[in-house]
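In: Sharing a sequence plus its predicted fold:
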There are 2 protein chains.
Amino acid sequence: MTISTVIPPAAPSIDLATGRLVGATRHYEKRLKDLTGLYEDEAAFDALAVTIGDEVVYEVWEYRASERPGDLVFGSSVMKPGSVGQEFFVTRGHQHLIADRSEIYHCVRGSGVMLMEHPDGEVKALAMTPGVIAYVPPDWIHRSVNVGRDTLITIFSYAADAGQDYGIIERSGGMRVRVVQDGRGGFRLFDNPAWKPHR
Amino acid sequence: MTISTVIPPAAPSIDLATGRLVGATRHYEKRLKDLTGLYEDEAAFDALAVTIGDEVVYEVWEYRASERPGDLVFGSSVMKPGSVGQEFFVTRGHQHLIADRSEIYHCVRGSGVMLMEHPDGEVKALAMTPGVIAYVPPDWIHRSVNVGRDTLITIFSYAADAGQDYGIIERSGGMRVRVVQDGRGGFRLFDNPAWKPHR
């Protein structure tokens, strides 16, 4: 028996004031206390967690129709401004489980960095301001960083069968570089001494 | 011999005044005279072609890194306002050659309709205003329509191996419905009597 499955069209819309995707099929939030182990300065993290541990650092609104290869997932990523010690707020970061699935992030608000690391060790940091579409090619590990004073909002899309490997960064001691304050209101990249090459 | 091909990241940016994607790898324009056979009112088309045949109706800026399955193509679609007789300007429209590849169109300027037709004959017309992300599911034929008085700009993304079948609409006598002026500054859908079911 063949079951015909016509996937219906849809038109979610993004609220630029809040980043909410109206019509999303999924929404999740990450609070500071959920992000243990991401930042270099663990004492600063612990101190901050006492005061704002329950505050949302970032949230994701997603529209997913299926997990079919060739279908797309899209949505919005919304990140508060802030830092842990000198290190700017970051998302957990991932490589896709099917590693050759690429992703795009269209920045619609704020000021960010798309921090990328290839499994061969190459690093790339792309500045994102409204209008920039950051292209994450097949295989690259990636994480968003809010380096501004406003909320960072990006609209993402990627293949519906991609999946996420959230452990790859932890297994190599963090990403190879960290994005930290430069003392003049901007950011600079800082080598992570704990980083180990991917096997 | 294995050739390692690391695809580099990139960060093209969209100019919202013109729709140009700065850093695109491809750009093409469609002039009115290139769009013979798209509109119902052929006499109105011919008359218009005499005066503005050389004017650009729509243009596409595209960033493509590869044609690998799992990679993505993205870019901007920019359409002038206007009509041929009562029928609003449209893009040629297509189904993907690999039909189960979906596509998204994020409207960033203007007022449009994403007109969709499933091969089984079902029709869907989604209104697009800035912030709306129109989701075109696997298999659906689709075309953009500018129903406003301003330029319509959308940012699209789809699987890099998808391809386009631009003939499917012509083979069924046009899309099943046309988007026409309603006489009150808006639009309405109009059944196309020349339409034949897809085989």
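Out: Okay, I see it. As the structure is a computational prediction, the values presented were derived from the model and not from experiment.

In: so A:Val113 sits in a strand?
Out: Yes - applying DSSP: H, G, I helix; E, B strand; the rest coil, one finds A:Val113 inside a strand.

In: That one - nearest residue in space that isn't next to it in sequence?
Out: A:Val145 (4.3 Å; C-beta to C-beta, 6 or more residues apart in numbering or on different chains). For every residue, glycine as well, the C-beta is placed using N, CA and C.

In: Beta-bridge partners for that neighbour, please?
Out: Beta-bridge pairing for A:Val145 (DSSP bridges): A:Val90, A:Val113.

In: Kindly report the same for A:Leu189.
Out: A:Val179.

In: Identify the residues contacting it.
Out: A:Val123, A:Ala125, A:Val177, A:Arg178, A:Val179, A:Val180 (C-beta atoms under 8 Å, 6 or more residues apart in numbering or on different chains).

In: can you give me the helices in chain A?
Out: A:42-52, A:168-171 (DSSP state H).

In: Which of those helices has the highest mean neighbour count?
Out: helix A:168-171 (a mean of 16; mean count of other C-beta atoms under 10 Å in any protein chain shown).

In: Can you dump the C-alpha atoms of that one in CSV for me?
Out: C-alpha atoms of helix A:168-171 as CSV (Å, rounded to 0.1, in the frame of the first residue of the first chain):
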residue,chain,number,x,y,z
ILE,A,168,31.7,17.3,18.9
ILE,A,169,32.8,20.7,20.5
GLU,A,170,33.1,19.2,24.0
ARG,A,171,35.1,16.2,22.7
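
In: Kindly spell out which helices and strands sit in contact with it.
Out: Applying 3 or more C-beta pairs under 8 Å, 6 or more residues apart in numbering or on different chains; DSSP states H and E, we find helix A:168-171 packed against strand A:141-146.

In: To A:Glu62, which of the helices of chain A lies closest?
Out: helix A:168-171 (20.6 Å; C-beta to C-beta).

In: Skip the chain neighbours and tell me the closest residue to A:Glu62.
Out: That would be A:Gly75: by C-beta to C-beta, 6+ apart, it lies 3.8 Å from A:Glu62.

In: now swap in A:Ala160 and tell me
Out: Excluding the flanking residues, the one nearest A:Ala160 by C-beta to C-beta, 6+ apart is A:Asp71, at 3.9 Å.

In: tell me the contacts of the one you found?
Out: With C-beta under 8 Å, 6+ apart, A:Asp71 has these contacts: A:Ile7, A:Ala65, A:Ala159, A:Ala160, A:Asp161, B:Asp100, B:Arg101, B:Ser102, B:Pro137, B:Pro138.

In: Return the members of those classed as buried.
Out: Burial by neighbour count, judged by 16 or more other C-beta atoms under 10 Å in any protein chain shown, picks out A:Ile7, A:Ala65, A:Ala159, A:Ala160, A:Asp161, B:Asp100, B:Arg101, B:Ser102, B:Pro137, B:Pro138 from the contacts of A:Asp71.

In: mind putting those in CSV, distance to B:Ile155 and pLDDT included?
Out: Shown next, in CSV, are those (distance: C-beta to C-beta, whole Å; pLDDT from 0 to 100):
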residue, distance to B:Ile155, pLDDT
A:Ile7, 21, 94
A:Ala65, 19, 97
A:Ala159, 17, 97
A:Ala160, 19, 97
A:Asp161, 23, 97
B:Asp100, 22, 96
B:Arg101, 17, 97
B:Ser102, 15, 98
B:Pro137, 18, 98
B:Pro138, 20, 97
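
In: Keep only those of the residues you listed that are in strands.
Out: A:Ala159 (DSSP state E).

In: Would you reformat the contacts of A:Leu189 as TSV and include pLDDT?
Out: Output for the contacts of A:Leu189, formatted as TSV (pLDDT from 0 to 100):
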residue	pLDDT
A:Val123	97
A:Ala125	98
A:Val177	98
A:Arg178	98
A:Val179	98
A:Val180	98
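
In: Going by distance to B:Gly82, which of these wins?
Out: Each of the contacts of A:Leu189 was checked against B:Gly82 using C-beta to C-beta; the closest is A:Ala125, at 42.7 Å.
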